[in-house]
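Peer 1: Build me a model:
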Amino acid sequence: QVQLVESGGGLVQAGGSLRLSCAASGRTFSSLTMGWFRQAPGKEREFVAAISWRGARADYADSVKGRFTISRDNTKNTVYLQMNSLEPEDTAVYYCAARTLSVARSGYDYWGQGTQVTVSS
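Peer 2: Numbers count the residues shown, from 1 in each chain. Okay, the predicted model is just below:
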């Protein structure tokens, strides 16, 4: 089992930045692929970004490429999502997720409870 706890969400103006964190416990963190997803009101949950277990490979949704950066610190069992140039369309609940297989946009086994990000125009 893996427990994931997100933090860092909040209210920010368009053009601003936020950094989300996700602390993991319960399994060797460095063996996990980590991902971020988001779900806006009335919409399905969508992939945002993912990073491989050593951080060598990252994947981003087209909608966030160039604005968001995923990173991880295996010494702190934490994955981050740095979000810059935020837009109102980025407003959503952001979820951290983990899987034991390689980087992918679906098929995650473990999920956090989510953190709200609201971008005002």
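Peer 1: what bridges to the residue nearest the centre of the chain?
Peer 2: Central residue of the chain (CA atoms, centre = their mean): W36, 2.5 Å from the mean position. Using DSSP bridges, the beta-bridge partners of W36 come out as A49, C96.
Peer 1: thought it was touching L81?
Peer 2: Yes - using CB atoms under 8 Å, W36 is in contact with L81, at 4.8 Å. Just so you know, the C-beta spots here come from the backbone N, C-alpha and C atoms, and that holds for glycine as well.
Peer 1: list the residues that contact both of the two?
Peer 2: Common neighbours of W36 and L81 (criterion: CB atoms under 8 Å, 6 or more residues apart in numbering): 20, 22, 48-49, 70, 94.
Peer 1: Among these, which one lies nearest to V5?
Peer 2: Closest to V5 out of the shared contacts of W36 and L81 is C22 (6.9 Å), distances taken as CB to CB.
Peer 1: quick one: that closest one is in a helix?
Peer 2: No - per DSSP: H, G, I helix; E, B strand; the rest coil, C22 lies outside any helix segment and is strand.
Peer 1: Go ahead and confirm it touches F37.
Peer 2: No - taking CB under 8 Å as the definition, C22 is not a contact partner of F37, at 11.2 Å.
Peer 1: burial measure for Y95, as a count.
Peer 2: 22 (other CB atoms under 10 Å).
Peer 1: residue contacts, it?
Peer 2: With the criterion set at CB under 8 Å, 6+ apart, Y95 makes contact with 6, 36-39, 45, 111-114.
Peer 1: Could you pick out the buried ones from those?
Peer 2: The neighbour-count test (16 or more other CB atoms under 10 Å) marks 6, 36-38, 111-112, 114 as buried among the contacts of Y95.
Peer 1: want to throw these into a markdown table with distance to R27 and secondary structure?
Peer 2: Output for these, formatted as a markdown table (distance: CB to CB, whole Å; DSSP: H, G, I helix; E, B strand; the rest coil):
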| residue | distance to R27 | secondary structure |
| --- | --- | --- |
| E6 | 17 | strand |
| W36 | 18 | strand |
| F37 | 19 | strand |
| R38 | 24 | strand |
| W111 | 14 | strand |
| G112 | 14 | coil |
| G114 | 20 | coil |
